[in-house]
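**Student:** Structure for this input, please:
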Amino acid sequence: MLETERLLHQKFTSDDLDKLIEMRADEDVMKNLGGKKMQNPKALRERLQFYISCYEKQIGMHAIVWKENGEMMGWSGLQPLKGTDEIEVSYGMIKKYWGKGIGYETARFWLEYGFEKLGLERIVAVADKENIGSWKIMEKLGMKYEKDEIHYGMKCVFYGISKEEFLTKAH
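**Tutor:** The predicted structure follows:
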């Protein structure tokens with residue numbers, strides 16, 4: 001298990017499917033994740049298996065647990081961005097935890113982990129064009145807007161940062 005100041009990051013298991021479905025069932029959460037086409041039980045079962053398969057490569061989406069109360073309240077991690085040779089940082093959580101700086105805290109952790117522990121040279125992030133909160137986190141992390149692209153069935157903004165850029169900004 002990995003941790004930040006307020007969060008625990010634990011690997012998902014197949015037993016977490018019901019909780020993942022529950023966390024992503026909210027309409028406001030779902031709209032930033034490709035809607036019902038991407039956030040239904042069948043699609044999430046496949047997505048969870050993808051997350052678990054990534055652990056062999058020392059990456060993968062992890063459950064975020066709020067240390068204060070032990071609640072699984074989101075997901076974050078590093079994963080291959082489908083259709084590219086890029087590794088993306090990704091994060092999301094239930095609405096109850098929006099606006100608390102958790103997206104920034106967890107994304108920063110994964111950038112540090114990817115660059116310092118895994119030796120990655122570049123990490124990207126994508127977000128629905130309408131999800132201003134997510135791309136503001138990317139900008140706060142020092143990531144730079146590169147283009148608009150379709151990912152996860154949505155028009156997305158695409159941001160990237162190099163190891164050198166991140167480590168220079170972080171220190």
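**Student:** CA atoms for contacts and neighbours, from now on please.
**Tutor:** Fine.
**Student:** Could you tell me what pLDDT the model assigned to Lys96?
**Tutor:** Per-residue pLDDT puts Lys96 at 88.
**Student:** sec struct for it, please.
**Tutor:** helix (DSSP: H, G, I helix; E, B strand; the rest coil).
**Student:** how close does it get to Met73?
**Tutor:** From Lys96 across to Met73, the span is 8 Å (Cα to Cα, to the nearest Å).
**Student:** More neighbours: which of the two?
**Tutor:** Neighbour tally, Lys96 and Met73, criterion other Cα atoms under 10 Å: the higher count belongs to Met73, 19 against 8.
**Student:** Does that one touch Met23 like I think?
**Tutor:** Yes: counting by Cα atoms under 8 Å, Met73 touches Met23, with 7.2 Å between them.
**Student:** shared neighbours of these two, which are they?
**Tutor:** Met93, Ile94 (Cα atoms under 8 Å, 6 or more residues apart in numbering).
**Student:** Could you list the low-pLDDT ranges of this protein?
**Tutor:** Counting by pLDDT under 70, the low-confidence segments of the chain come to 26-39, 170-171.
**Student:** who touches the lengthiest helix in it?
**Tutor:** The single longest helix within the chain, with elements called by DSSP state H, is helix 41-54. For helix 41-54, the surrounding residues in contact (Cα under 8 Å, 6+ apart) are 11-14, 17, 20-21, 37-38, 60-62, 79.
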